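Student: Requesting a structural model of the entry that follows:
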Amino acid sequence: MICVSIGRTRHKMVTLEHQALAQKGAELVEYRLDYLSHLPDLGRLLQDRPTPIVITIRRAEDKGRWRDTEEQRQTLLRQAIVQGVEYVDLEMDIAQQIRRYGKTKRIISFHNFRETPEDLADIHAKMTKLDPDIIKLTTMANSPGDMVRILQLVKHSSVPTAGFCMGDFGTASRILCGKYGSPLTYATFNKDRELAPGQLSFDEMKHLYRFDQINADTQVFGVLGDPLAHSYSPLIHNAAFQQLGMNAVYVPFRVPKDKLQATLRDFDWLDVKGYSVTIPHKEDVIGKADLSDEAVQSIGAANTLWKDAGNQWHATNTDYLAALQTLAIGLDSEPDNHFVLAGKRVMMLGAGGVAMAIGAGVVKNGGILMLASRTHARAKELAERLDCQHVLWENRGAQYADVLINCTPVGMHPDVDNSPFADNWMREGMLVFDTIYNPENTLLLKQAKLREAKTISGLEMFIRQAAAQFELFTGQPAPIEHMRETLRQELSPVRLKP
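Tutor: Purely as a prediction, here's the structure:
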């Protein structure tokens with residue numbers, strides 16, 4: 001069950017938000033009474049409540065906002081129990097001082113905002129002796145492996161345990177705890193009102209990750225990268241799972257570059273079936289694979305790890321094929337006609353991982369590739385690797401090109417007023433392909449259209465590479481139109497995040 005935390009300074013706003021959440025389908029709401037600017041009026045708050053409630057009053061030492069005495073705080077907790085609130089949250093150090101009464105259930109909680117302690121199992125064992133109905137164990141993840149330890153504890157606990165990690169390294173545990181038997185996860189009212197590090201919104205938990213449908217049989221997939229805050233991969237993969245009625249979830253795994261191999265070993269316990277791979281792991285992740293396909297061997301980078309029926313890991317680069325398909329479409333050909341590039345002069349901007357994959361595809365299929373990067377040394381290195389021409393960034397517009405490909409982040413949201421290529425360098429009939437997909441219609445593409453050039457956005461490539469990943473992960477055809485429409489709706493101007 002998703003418990004939605006409400007922390008507001010006024011009683012009226014607490015009750016109004018509770019009513020709004022109930023209308024959206026929330027089944028349990030936590031009142032953070034320490035947020036109120038005045039002493040709580042329990043009678044007013046508990047009257048006509050639309051769903052069950054957890055009463056929580058956090059002290060300053062637990063990152064709460066309670067300003068009055070500890071005696072007053074404990075008196076309020078006892079009063080809530082006497083008045084029949086459904087749940088009361090008691091920190092483990094005061095649990096013995098507040099006895100069970102009536103039908104109120106006891107959540108015995110432990111929080112550590114600094115780390116996930118080594119003696120986690122000992123702490124949990126002590127909590128089981130404090131007459132809990134539910135144990136809540138929440139710690140800070142300082143590495144992705146921390147959340148594996150806490151999920152292992154949740155799975156093997158004899159007492160219902162809501163256990164997960166805080167922080168970006170622990171975000172996935174807030175979702176996956178349901179797979180291992182956690183009776184609760186916590187969410188916030190909306191994205192702008194995070195009450196704990198890494199907390200997701202109710203809408204994300206309910207509709208994006210479908211937490212209430214996660215169970216022991218749910219298959220796990222995810223995206224590996226650092227950072228991951230703006231990744232849209234969870235959106236489109238989870239939309240595809242829902243569309244096909246699959247018991248699967250796709251989560252973000254933020255992993256630092258220096259912890260990749262150790263993390264992948266730790267994650268073997270999670271039995272992840274497949275990973276999308278993004279910056280900075282596309283080269284290092286190949287070390288996890290038992291087998292690598294021709295594209296990965298040629299490029300030296302993978303954006304996909306997937307496990308076959310024999311539990312062997314495969315490394316694949318779906319950017320490679322998706323880019324070729326997108327270019328073929330842009331050149332008014334069939335997606336699989338990659339030879340449409342033969343003899344075409346292609347100017348590529350950028351020398352990162354995506355440029356490496358696209359450049360390899362262009363060269364292999366007969367295109368005449370030129371590349372330019374703002375960092376000339378990187379352009380020279382990639383050009384030598386691909387055996388193609390490189391030009392200075394300031395000379396990028398002086399080359400005749402049939403196709404222009406932008407692989408830089410210039411023009412990406414929120415930097416939407418910039419373009420990596422002056423409009424007077426474009427000409428009628430050339431193809432301009434921008435690998436950026438947020439926004440779908442970049443300034444570069446707008447300028448190209450005014451010059452009567454052909455254009456194609458990065459959204460097509462992003463969807464096609466994700467669809468290819470989905471098919472490798474699941475063995476089923478991807479609902480590509482549904483994935484495309486889901487992303488377009490999210491990127492529409494009325495939904496863009498500031």
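
Student: Quick check: residue 473 vs residue 260, distance?
Tutor: According to CB to CB, to the nearest Å, residue 473 and residue 260 sit 20 Å apart. In this view, the C-beta of every residue, glycine as well, is placed from N, C-alpha and C.

Student: Please say which of those two ends up with more neighbours.
Tutor: A direct count of neighbours by other CB atoms under 10 Å for residue 473 and residue 260 places residue 473 higher, at 24 against 20.

Student: Show me the shaky parts of this protein.
Tutor: By pLDDT under 70, the low-scoring segments of the chain are 493-498.

Student: Now do the buried residues in stretch 249-260.
Tutor: For stretch 249-260, burial by neighbour count (16 or more other CB atoms under 10 Å) applies to 249, 250, 251, 252, 253, 254, 255, 260.

Student: who's the second one bridged to?
Tutor: This means residue 250. Beta-bridge partners for residue 250, by DSSP bridges, are residue 221.

Student: for it, what are its contacts?
Tutor: By CB atoms under 8 Å, 6 or more residues apart in numbering, residue 250 lies in contact with 221, 222, 223, 233, 234, 237, 238, 241.

Student: what does the fifth one give?
Tutor: Contact criterion CB under 8 Å, 6+ apart gives 144, 172, 222, 223, 224, 225, 228, 263, 267, 275 as the residues in contact with residue 253.

Student: go on, the last one?
Tutor: The contact partners of residue 260, taken as CB under 8 Å, 6+ apart, are 224, 281, 284, 285.

Student: okay, now the third one: neighbour count?
Tutor: Put plainly, it is residue 284. Neighbours of residue 284 using other CB under 10 Å come to 17.

Student: Quick check: the gap between it and residue 407.
Tutor: From residue 284 to residue 407 the distance is 20 Å (CB to CB).

Student: And for residue 370?
Tutor: Residue 370 sits 13 Å away from residue 407, taking CB to CB as the criterion.

Student: picking that back up, strands - which of the contacts of residue 260 land there?
Tutor: Among the contacts of residue 260, the members found in strands (DSSP state E) are residue 224.

Student: Now restrict the contacts of residue 260 to buried residues only.
Tutor: Using 16+ other CB under 10 Å as the burial test, the contacts of residue 260 include 224, 281, 284, 285 as buried.

Student: How much space separates the last one from residue 316?
Tutor: Going from residue 285 to residue 316 by CB to CB gives 11 Å.

Student: And the second one, by the same measure?
Tutor: Shown here: residue 281 relative to residue 316, a distance of 14 Å by CB to CB.

Student: Give me the helices and strands touching the host helix or strand of residue 485, please.
Tutor: Per DSSP states H and E: residue 485 is located in helix 480-491. For helix 480-491, the packing partners by 3 or more CB pairs under 8 Å, 6 or more residues apart in numbering; DSSP states H and E come out as helix 233-243, helix 458-474.

Student: could you dump those helices to a markdown table with distance to residue 159?
Tutor: Formatted as a markdown table, the helices and strands packed on helix 480-491 follow (distance: least, CB to CB, whole Å):
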| stretch | distance to residue 159 |
| --- | --- |
| helix 233-243 | 31 |
| helix 458-474 | 35 |
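
Student: check contacts around the nearest residue to residue 168 once chain neighbours are set aside.
Tutor: Nearest residue to residue 168, sequence neighbours excluded (CB to CB, 6 or more residues apart in numbering): residue 254, at 4.7 Å. Applying CB under 8 Å, 6+ apart to residue 254 gives the contacts 144, 168, 169, 171, 225, 226, 227, 228.

Student: got the residue ranges for the helices in the stretch 101-250 of the chain?
Tutor: Here the stretch 101-250 of the chain has its helices, by DSSP state H, counting those that start in this stretch, at 120-127, 144-156, 171-176, 202-203, 233-243.

Student: ok, and which of those helices has the densest surroundings?
Tutor: Among these, the stretch with the highest mean neighbour count (mean count of other CB atoms under 10 Å) is helix 171-176, at a mean of 27.

Student: just checking, what packs against that one?
Tutor: If contacts are counted by 3+ CB pairs under 8 Å, 6+ apart, helix 171-176 sits against helix 144-156, strand 161-166, strand 185-188, strand 248-254.

Student: To residue 68, which of the ones you listed lies closest?
Tutor: Of all the helices and strands packed on helix 171-176, strand 185-188 sits nearest to residue 68, with 24.4 Å by CB to CB.

Student: Contacts for the closest one, please.
Tutor: Residues from elsewhere that reach strand 185-188 (CB under 8 Å, 6+ apart): 1-5, 30, 162, 164, 174-175, 177-178, 194-196, 199-202, 204-206, 211.

Student: and the closest residue to residue 259 other than its chain neighbours, what are its phi and psi?
Tutor: Leaving out its chain neighbours, the residue that sits closest to residue 259 by CB to CB, 6+ apart is residue 143, at 5.8 Å. Dihedral angles of residue 143 (phi, psi; degrees, to the nearest 10) stand at phi -150, psi 160.

Student: wait, residue 143 sits on residue 267?
Tutor: No - with contact defined as CB atoms under 8 Å, residue 143 does not count as touching residue 267 (11.7 Å).

Student: which of these two has more neighbours?
Tutor: The neighbour count for residue 143 versus residue 267, taken as other CB under 10 Å, is higher for residue 267 (22 against 19).

Student: burial of residue 183, as a residue count?
Tutor: Neighbours of residue 183 under the rule other CB under 10 Å: 17.

Student: Of the helices and strands packed on helix 480-491, give the one that comes closest to residue 304.
Tutor: Minimum separation from residue 304 across the helices and strands packed on helix 480-491 (CB to CB) falls at helix 458-474, 5.0 Å.

Student: what does that closest one contact?
Tutor: By CB under 8 Å, 6+ apart, helix 458-474 touches 221, 232-233, 236-237, 240, 246, 248, 273-274, 276, 303-304, 306, 314, 316, 318-319, 321-323, 325-326, 329, 335, 433-437, 440, 476-478, 480, 483-484, 487-488, 491.

Student: Adding distance to residue 101, write the contacts of residue 253 out as JSON lines.
Tutor: Formatted as JSON lines, the contacts of residue 253 follow (distance: CB to CB, whole Å):
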{"residue": "144", "distance to residue 101": "41"}
{"residue": "172", "distance to residue 101": "37"}
{"residue": "222", "distance to residue 101": "43"}
{"residue": "223", "distance to residue 101": "47"}
{"residue": "224", "distance to residue 101": "48"}
{"residue": "225", "distance to residue 101": "49"}
{"residue": "228", "distance to residue 101": "45"}
{"residue": "263", "distance to residue 101": "45"}
{"residue": "267", "distance to residue 101": "43"}
{"residue": "275", "distance to residue 101": "49"}
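
Student: if we take these, which one ends up nearest to residue 106?
Tutor: Nearest to residue 106 among the contacts of residue 253, with distances taken as CB to CB, is residue 172, at 28.1 Å.

Student: nearest spatial neighbour of that closest one, skipping sequence neighbours?
Tutor: residue 251 (4.2 Å).

Student: Which residues are in contact with that neighbour?
Tutor: Contact analysis of residue 251 by CB under 8 Å, 6+ apart lists 171, 172, 175, 176, 209, 220, 221, 222, 223, 234.

Student: hmm, try it at 7 Å
Tutor: Shown in contact with residue 251 (CB atoms under 7 Å, 6 or more residues apart in numbering): 172, 175, 176, 220, 222, 234.
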